[in-house]
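*Asks:* give the three-dimensional model of this entry:
(2 chains)
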Protein chains: 2
Amino acid sequence: MLNVLTPDETLKLIQREFSHIAPIRETVELSRAVGRVLYEDVEATEYVPGFDRSTVDGYAVRAADTFGCSDAVPAILEIAGKVLMGEAADITIREGQCCAVPTGGALPMGADSVVMIEYAEDYGDGTVGIGKAAAPGQNVIFKGDDVFPGKTVLKKGRRLSSQDIGALAAIGKARVSVAKKPRIAIISTGDELVSPAEIPGAGQVRDVNGAMLYAMLTSFGAEPVELGIIKDDEDELRRAVSRAAESCDGVLLSGGSSVGERDAAAKVIGGLGELLLHGIAMKPGKPTIMGRVFGKPVIGLPGHPVAVYFVSRVVVLPLLGFFTGLDMPRYTVAAELGESVSANHGRAQYHCVRLAKEQDKLIAHPIRSKSGLITTLAGADGYFSIPRDCEGLQKGAIIQVTLWGEE
Amino acid sequence: MLNVLTPDETLKLIQREFSHIAPIRETVELSRAVGRVLYEDVEATEYVPGFDRSTVDGYAVRAADTFGCSDAVPAILEIAGKVLMGEAADITIREGQCCAVPTGGALPMGADSVVMIEYAEDYGDGTVGIGKAAAPGQNVIFKGDDVFPGKTVLKKGRRLSSQDIGALAAIGKARVSVAKKPRIAIISTGDELVSPAEIPGAGQVRDVNGAMLYAMLTSFGAEPVELGIIKDDEDELRRAVSRAAESCDGVLLSGGSSVGERDAAAKVIGGLGELLLHGIAMKPGKPTIMGRVFGKPVIGLPGHPVAVYFVSRVVVLPLLGFFTGLDMPRYTVAAELGESVSANHGRAQYHCVRLAKEQDKLIAHPIRSKSGLITTLAGADGYFSIPRDCEGLQKGAIIQVTLWGEE
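*Replies:* Numbering: from 1, shown residues only, chains lettered A, B, ... in the order given. Just a heads-up that it's a prediction; the model follows:
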């Protein structure tokens, strides 16, 4: 008989059994890569910018020619020419000369700084008066200031944000190597289940977990594969799990909260492969099982949607990390607990909360509910957990709330 | 001449000029609806659960029959039958009787609670001994506990999370009405621009904003329409903006940070429609213009990617809210400022930060950079802003960091 493990022990088990899973490379078009996980470190192969550029509209000068000038005593410089946007600066300025440059234009040779147009007066006779001294380097981005060859711009395992897409565009990565999305099969089990589109008959309920897991896997960066509802029949379940493990990278079963169903799922996983876990000491989520079939992870989630939700975040999300190499920091929001919460000794306890700003403080109101109520989740903004050795938390305690949001 | 507005005044202007824009309904399949914005309030039309259900494996009983029992003196009850999963409970239990029920099974008539199997002993002669008294309602979810007809389950304007998808499945919404994604045109302008796939020649740079705005609009829940790079030619720009405003719901121009280019864009917008804004008092982001062409909003963003990023979050995101009706609370993370930051009087200032956990405190390290460096954004975890009337913040000050992340 396998023991019930704590959430931390479960994560260690996953690390031991599945950390050999490695990301597979896939190349996608840059603008479609947002949200995908980078497969490899990206190094620049060129300079960005590729030339010295002005950051303002004005006159490129030799800074030394402007030292000591002022509104009252402007430095008079000869206009040697004008740089056009998108063209090379084929001008060299010598002592006493300057050159008109637009924002983003190339700095002409000989110049080391740019005076803003606001501080210059064009006398109309081929000269300008500069009313403010420039420091060398002023209003200029130099070649390679942003990126230079060999610089690591982004590290592998990063989930690409919009800004990262911008950085990749800047260094000419029109296509980018990302981790292939793992294909994860979803099987809902239970004689009582009908699809959301059907009207439940006597004793029947709609399958909530299938659609919710589809959405969660999408948010987690996986490719969900819907295999529908399987009746509580060991042979049928064995065929379904076997087919799923053959064609996908992992399998999620949901349902089977009754002792008989759980035992059947455990038997199927054990028969086809190896059972690794029989229960997690967390609330909700205890009746979770895990195993390996044809080398692929198979997780038997509980039937209650709220339990499915928490086990998916605590267990499935880290497991998927092996497929993508995702290296993502998690942040929480500190909030004040709105009412006291007692804890269940011996099991880590997860609570949904609603957040509200009250007199400049962020208050977390725990949502009380019976097990299995899906509307508990739908109305909440996030959750917090109470460790298994904690007896509860008082109203006013500062807790760390993990926000929902698409991780 | 139009005045430069503060970020708050800009938002008020947007509210005044564009709040008449209303979401358009679109119906999508439930599991594909994650991340979409709900078009209307969703009310339940049935009870969930549709019948009284057991939350454990055990025996349905009349609680009164178990009062006073204990391990030592069990209550002996006659087994009246067994409820099967997915079937109606066609059994009525009378005084002194009980009925086996699985987790999720229907409660038979006459029963008001369920005793867990752990507290019952099957004597094998048609009776069980109950070792623990049940309270009425114990281990039962009653019909309609979760949802009842007329209950508002989710409110319009909510961005659908995975949990919401679960709730919609529970009440039988196999298809859901969401706001149609607004089609937003992206036009990059500038003689110096080449596409990310090209090698820039002398004086040229790659178009960073096109790909970044595509990714940002995707994350914001819009449908980006790439119209490519337009040279700095007023006639060409006029044709492009006119075509874009005709075929899309809004237009984003990027580039044109030099005075001449900005004036050309302002002239084009003013000529085709009406110019509403000529500059925002924020840093970065000042040279932003906004107007209306054929009734559609047209925003002329600066050329620098960092400025484009902040203006998109501060101005474009709220504007898109009118198209989707999105009603989303925003949360920030409190962090300690890692070094002092001086502020620029008269303009609200936006700073990128890198977050690090140091001795249990979250430290925000501001990223120093020259204007226009895209790698500033790519390495950061979020940002904070300093109001225009603040002279700066000292190291150790507690700031509110808005995290990147897909809003």
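*Asks:* so where do the helices sit in the stretch 151-300 of chain A?
*Replies:* For the stretch 151-300 of chain A, applying DSSP state H, counting those that start in this stretch gives helices covering A:162-170, A:209-220, A:234-247, A:259-272.
*Asks:* closest one to residue A:292 among those?
*Replies:* helix A:259-272 (8.0 Å; Cβ to Cβ). Any C-beta I mention is one placed from the backbone N, CA and C, and that applies to glycine too.
*Asks:* where in the stretch 201-350 of chain A is pLDDT low?
*Replies:* A:256-257, A:328-331, A:345 (pLDDT under 70).
*Asks:* gap between residue A:201 and residue B:87?
*Replies:* As judged by Cβ to Cβ, to the nearest Å, residue A:201 and residue B:87 stand 9 Å apart.
*Asks:* of these two, who's got more company?
*Replies:* Shown here are residue A:201 and residue B:87; by other Cβ atoms under 10 Å in any protein chain shown, residue B:87 has more neighbours (15 against 12).
*Asks:* contacting residues around the residue nearest to the spatial centre of chain A?
*Replies:* Chain A has residue A:159 as the residue nearest its centroid, 4.8 Å off, counting by Cα atoms, centre = their mean. Taking Cβ atoms under 8 Å, 6 or more residues apart in numbering or on different chains as the criterion, residue A:159 is in contact with A:35-38, A:221, A:326, A:328.
*Asks:* how about the helices in the stretch 301-407 of chain A?
*Replies:* Here the stretch 301-407 of chain A has its helices, by DSSP H, counting those that start in this stretch, at A:305-311, A:317-324, A:374-378.
*Asks:* which of those sits most buried?
*Replies:* Of the helices of the stretch 301-407 of chain A, the one with the most neighbours on average (mean count of other Cβ atoms under 10 Å in any protein chain shown) is helix A:305-311, at a mean of 28.
*Asks:* mind giving me the packing neighbours of it?
*Replies:* Applying 3 or more Cβ pairs under 8 Å, 6 or more residues apart in numbering or on different chains; DSSP states H and E, one finds that helix A:305-311 contacts helix A:209-220, strand A:296-301, helix A:374-378, helix B:162-170.
*Asks:* re earlier: mind giving me a markdown table with the helices of the stretch 301-407 of chain A and columns for distance to residue A:272?
*Replies:* Output for the helices of the stretch 301-407 of chain A, formatted as a markdown table (distance: least, Cβ to Cβ, whole Å):
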| stretch | distance to residue A:272 |
| --- | --- |
| helix A:305-311 | 21 |
| helix A:317-324 | 19 |
| helix A:374-378 | 31 |
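*Asks:* next up, the contacts around residue A:101.
*Replies:* A:54, A:57-60, A:82-83, A:89, A:107-108, A:114 are the contacts of residue A:101 under Cβ under 8 Å, 6+ apart.
*Asks:* quick one, strands of the stretch 1-150 of chain A?
*Replies:* A:25-29, A:42-43, A:53-54, A:58-61, A:75-82, A:97-101, A:113-116, A:120-122, A:127-130, A:140-141 (DSSP state E, counting those that start in this stretch).
*Asks:* contacts made by the second one with the rest, please.
*Replies:* Under the contact criterion Cβ under 8 Å, 6+ apart, strand A:42-43 has outside partners A:149-154, A:168, A:171, A:173, A:176.
*Asks:* most neighbours among the residues you listed, please name it.
*Replies:* residue A:168 (28 neighbours).
*Asks:* check contacts around it.
*Replies:* A:30, A:33, A:42, A:153-154, A:160, A:176, B:196, B:211.
*Asks:* and residue A:7, by the same measure?
*Replies:* A:280-282, A:314-315, A:348.
*Asks:* of these, just say which sits nearest to chain B.
*Replies:* Checking the contacts of residue A:7 against chain B with Cβ to the nearest Cβ, the nearest one is residue A:314 at 14.5 Å.
*Asks:* so that closest one sits against residue A:284, correct?
*Replies:* No: if you go by Cβ atoms under 8 Å, residue A:314 and residue A:284 don't touch, sitting 10.8 Å apart.
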